[in-house]
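Novice: this is the structure alone, sequence omitted:
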């Protein structure tokens, strides 16, 4: 029989016992719907996670430190191998920035110092932000604006620090005041930051510092500088409710400066002084440099390139890989659970078709008597199973889409009530639609195998005798 | 009374030949010999009646000729095809192209209209839709049901249903028409109507007709030759001398 004839006869037969076939088809569609709903949530969560992580910069950032530094710490004062070691100074930073797939490489500047607001001193951790941090979703709910330029004397405050400036003590467990309330009295106001500037000095070198572990290293004597106390006035442009954990590089800092401004201040770094002392030229030397890579997939390549240059690198690549594995496993579980309902539905198909054989025994006998081959009968039952599969698949995708959407909606209502940011953690990509319908079709055909074979084997003489 | 061998030597090609044809069933412990060593020959264009009481094996013989059943032993050769040696697929093709069947209970598919019922064999034969429609319209025209082609069987009388079944049996232009008690469910008037059509097909289209019936009167009126069965065995095979209009008898008369 030709395929259009098969389809026509199959649909006719489905219409004949409409109730039973509709129920079976609904069964399939529920199965497909559960599959689609499960996977759409799995995929949505994965997309959400990679969207968030992509924005947070955790997975496209490589932190570069000098190899020597680590070596001395780990290998118990063995001293550096001069060929391998390299100073992480400005030329090195520029070289890293020129590597393919690197968006930017900026030094991590972080220091603790005193900030005055309305003549009250507050000791805090200050960190520099590159202008690219603007796209970081940590600043999504920020009040005010981002730095007007990379060197503007402006500052962004972390919300808890802003509260501290206002003299409010954070109450544990109590309702936190919205960022807007904290920001209103502070935006546009001025802060005074006091800091220690490292300035090239003509005076003899100061005695070795006690906290430098390798102070016996004679290299130190070559570098001389003085520390000058300075003040810098800063305008508060933004207050953000930052989650320090989601931040790149300058974690746990509470006051943020534009990167160029911070660099220009030449603040004494609390990090290893030895590095600084080894600066061959007047170029600044950095404790660490953060490298932003175009795409998380290129992190490994960039890391390898930087390692070849003689630096130590660190990235969360491993973490992102295990995250990917996690989602793959999650998807697999969701797929298995979703498929369970479809498996139950497939039993429904077998049942319906076996019933149909009993009911249509005579019809099968007639068809055989007038010339239908075993293959014709088999194909007809297959076509019926397949038609139910496709119909159920289409209905199921629609239903699953609706279920996923509802769950997403309900969760967002809940999130809003808990004053959390709603997000979209649900997605039905086209490939999932195709996959679900195809899978449903396939499962239905497999379910039709046994009934079709049984119908085809029916003895026409017996079948015709059956009333 | 004329013997069967005399008849076969008298006329054209052999359409059906069976030799020691047996069909045995096992029902629990007992062996049922539904057909037990039947040897017969039917020539092309003949109209024969298989007569016998119920359980005599006449329907079993018909099913074996129709290729719906396979012999336990012996052979049945139709139009040079040894049915016992055909595969299931070949048997289906044989039923589709060589045989047309009508049954006592009409056996139309209730969910289909008359036109769809009639064109069903053409679907199995993979005939194009437009040609299928032409052929089924013609066939229904021939049996006088063109006006009712879009009705379902349940909306028709028994006689009309059997006419539709005849149209379906004819649609593939088979050489062989097999009828199993075709008037069994009809009153005598419509039964006559149906039988006249069968006779018409036999005469005008040259179809070989094998009709199973338990009504001797019906057989005597239409068949050229009557074969009597009892307990699966052939007990009598005679030309119908009482049917002067039958072409075979007439042919015999001309020859002798």
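Specialist: Arrived safely. Since the model is a prediction, treat every value here as computed from it, not as a measurement.
Novice: part of a helix, is residue A:440?
Specialist: Yes - counting by DSSP: H, G, I helix; E, B strand; the rest coil, residue A:440 is located in a helix.
Novice: count the neighbours of it for me.
Specialist: When neighbours are defined as other CB atoms under 10 Å in any protein chain shown, residue A:440 has 30 of them. (Glycine included, C-beta is placed from N, CA and C.)
Novice: cool, residue B:73 as well?
Specialist: Residue B:73, neighbours per other CB under 10 Å, totals 14.
Novice: okay, it: pLDDT?
Specialist: The model reports residue B:73 with a pLDDT of 93.
Novice: once you drop chain neighbours, what's closest to it?
Specialist: residue B:22 (4.5 Å; CB to CB, 6 or more residues apart in numbering or on different chains).
Novice: quick check: the one you found vs residue B:71, distance?
Specialist: Distance, residue B:22 to residue B:71, using CB to CB, to the nearest Å: 6 Å.
Novice: identify the contacts common to the two.
Specialist: residue B:35 (CB atoms under 8 Å, 6 or more residues apart in numbering or on different chains).
Novice: which residues in the stretch 201-350 of chain A form strands?
Specialist: Taking DSSP state E, counting those that start in this stretch, the strands of the stretch 201-350 of chain A run over residues A:225-240, A:255-258, A:288-293, A:311-315.
Novice: how about the closest residue to residue A:327 other than its chain neighbours, what does it touch?
Specialist: Sequence neighbours aside, residue A:46 is the residue nearest to residue A:327 in space, at 4.5 Å (criterion: CB to CB, 6+ apart). Listed by CB under 8 Å, 6+ apart, the contact set of residue A:46 reads A:327, A:330-331.
Novice: what residues does chain A put near chain B?
Specialist: A:1-2, A:5, A:9, A:12-13, A:16, A:362-363, A:365-376, A:460-461, A:464 (CB under 8 Å from any CB of the partner chain).
Novice: can you list which of those are found in helices?
Specialist: Those of the residues of chain A next to chain B mapping onto helices are A:5, A:9, A:12-13, A:16, A:362-363, A:365-369, A:374-376, A:460-461, A:464, per DSSP state H.
Novice: which one's the longest helix in chain B?
Specialist: Per DSSP H, chain B has its longest helix at helix B:188-204.
Novice: and that one, what does it pack against?
Specialist: strand B:47-51, helix B:158-170, strand B:176-180, strand B:208-213, helix B:216-222 (3 or more CB pairs under 8 Å, 6 or more residues apart in numbering or on different chains; DSSP states H and E).
Novice: I'd like those laid out as a markdown table, including mean neighbour count.
Specialist: Converted to a markdown table, the helices and strands packed on helix B:188-204 look like this (neighbours: other CB atoms under 10 Å in any protein chain shown):
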| stretch | mean neighbour count |
| --- | --- |
| strand B:47-51 | 26 |
| helix B:158-170 | 25 |
| strand B:176-180 | 25 |
| strand B:208-213 | 24 |
| helix B:216-222 | 18 |
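Novice: what's the closest of these to residue A:352?
Specialist: helix B:158-170 (28.6 Å; CB to CB).
Novice: touching chain A at all, that closest one?
Specialist: Yes - using CB under 8 Å from any CB, we find that helix B:158-170 touches chain A at B:168-169.
Novice: any weak-confidence spans in chain B?
Specialist: The model of chain B has pLDDT under 70 over residues B:1-12, B:242-256.
Novice: domain-wise, how is the chain divided?
Specialist: No chain specified, so I'll use chain A. Per the record, chain A has its domains at A:3-54+A:323-465, A:60-108+A:289-315, A:109-285, by automatic domain parsing.
Novice: meant chain B, my bad for not saying
Specialist: B:4-98+B:174-255, B:108-173.
Novice: the ones you listed: which one's closest to residue A:392?
Specialist: The closest of those to residue A:392 is domain B:108-173. By CB to CB, the value is 21.9 Å.
Novice: which residue does the stretch 101-250 of chain A have closest to chain B?
Specialist: The stretch 101-250 of chain A approaches chain B most closely through residue A:101 (60.1 Å), counting by CB to the nearest CB.
Novice: my guess is that residue meets residue A:294, correct?
Specialist: Yes - the pair residue A:101 and residue A:294 passes the contact test of CB atoms under 8 Å, sitting 4.9 Å apart.
Novice: so for residue B:219, which of the strands of the stretch 201-350 of chain A sits nearest?
Specialist: Using CB to CB, the nearest of the strands of the stretch 201-350 of chain A to residue B:219 is strand A:288-293, at 95.9 Å.
Novice: what lines up beside the closest one in the sheet?
Specialist: With DSSP bridges as the test, strand A:288-293 is paired with strand A:61-66 (antiparallel), strand A:102-107 (antiparallel).
Novice: now the host helix or strand of residue B:41: buried residues?
Specialist: Counting by DSSP states H and E, the element that carries residue B:41 is strand B:30-43. For strand B:30-43, a neighbour-count test (16 or more other CB atoms under 10 Å in any protein chain shown) marks B:33-36, B:38, B:40-43 as buried.
Novice: then stretch B:140-150?
Specialist: B:140, B:142-143, B:145-146, B:148-149.
Novice: what's the most distant pair in these?
Specialist: The widest separation within these (CB to CB) is 13.5 Å, between B:142 and B:148.
Novice: how about the strands in the stretch 51-200 of chain A?
Specialist: A:61-66, A:102-107, A:110-117, A:120-129, A:143-144, A:154-158, A:190-200.
Novice: could those go into TSV alongside mean neighbour count and distance to residue A:337?
Specialist: Listed next are the strands of the stretch 51-200 of chain A as TSV, based on neighbours: other CB atoms under 10 Å in any protein chain shown; distance: least, CB to CB, whole Å:
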stretch	mean neighbour count	distance to residue A:337
strand A:61-66	23	36
strand A:102-107	20	40
strand A:110-117	18	46
strand A:120-129	18	44
strand A:143-144	20	43
strand A:154-158	25	42
strand A:190-200	16	54
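Novice: adding mean pLDDT and distance to residue B:200, write those out as JSON lines.
Specialist: Formatted as JSON lines, the strands of the stretch 51-200 of chain A follow (pLDDT from 0 to 100; distance: least, CB to CB, whole Å):
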{"stretch": "strand A:61-66", "mean pLDDT": "82", "distance to residue B:200": "93"}
{"stretch": "strand A:102-107", "mean pLDDT": "84", "distance to residue B:200": "92"}
{"stretch": "strand A:110-117", "mean pLDDT": "83", "distance to residue B:200": "107"}
{"stretch": "strand A:120-129", "mean pLDDT": "84", "distance to residue B:200": "101"}
{"stretch": "strand A:143-144", "mean pLDDT": "82", "distance to residue B:200": "99"}
{"stretch": "strand A:154-158", "mean pLDDT": "86", "distance to residue B:200": "102"}
{"stretch": "strand A:190-200", "mean pLDDT": "79", "distance to residue B:200": "113"}
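Novice: centroid-wise, who is the farthest residue in chain B?
Specialist: residue B:29 (32.8 Å; CA atoms, centre = their mean).
Novice: distance of it relative to chain A?
Specialist: 20 Å (CB to the nearest CB, to the nearest Å).
Novice: with residue B:116 instead?
Specialist: 9 Å.
Novice: thanks a lot, see you next time.
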